[in-house]
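[1] sequence and predicted structure below; questions after.
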Amino acid sequence: MNGKLLLSLFAGLLLAIGAGATWAQEVECDDIEMKDKVCRNDKHYPIVTIHIAAKKKVITPLFVCAARGSVIEFRVVPPGKTESGSVDVKAKEESNDWLIGTNFPDKTKIEVRVPRWVEDESDHDYNIFFADGSCIDPRVHVQD
């Protein structure tokens, strides 16, 4: 194989990998009213339900509690109207690189593990992006 072609292929691969690591900090999502001033749910088994069938996408809860070491499960419903890879979770800050995922290969859920090194009693902003280009802006509160 030609050395220049091999070098070009390698450079293209590096660019493609780097393009996937975009952050959501500069994106303006739909404003959502934070009704909950306190996070809700079982912090050891945090579940966020993403309702995609509504005209305006909805998630519950908007402010989820999660313990360090827990796995946040984002359930995408209804399963019959969901395509694989159509919902993405993206952290707003690079330091929260753990808060990234997509509903691929399982189209019904996204799982994100909260590392044990994350600061206790801290809030983390993220966006949920949909295939139609819309997005919403919830958050996670990490507590032990």
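    On my side now, so go ahead. Numbers count the residues shown, from 1 in each chain.

[2] next one: the longest strand belonging to the chain to chain centre, how far?
    Identified as the longest strand of the chain according to DSSP state E is strand 122-130. Counting by C-alpha atoms, centre = their mean, to the nearest Å, strand 122-130 is centred 6 Å from the centre of its parent chain.

[3] and that strand, what's buried?
    His124, Tyr126, Asn127, Ile128, Phe129 (16 or more other C-beta atoms under 10 Å). Just so you know, the C-beta spots here come from the backbone N, C-alpha and C atoms, and that holds for glycine as well.

[4] next one: stretch 37-46
    Quick answer for stretch 37-46 (16+ other C-beta under 10 Å): Cys39, Asn41, Lys43, Pro46.

[5] same check on stretch 95-113?
    Buried, per 16+ other C-beta under 10 Å, within stretch 95-113: Asn96, Leu99, Ile100, Gly101, Thr102, Asn103, Lys107, Lys109, Ile110, Val112.

[6] which of these fall within strands?
    Those of the buried residues of stretch 95-113 lying in strands (DSSP E): Gly101, Thr102, Lys109, Ile110, Val112.
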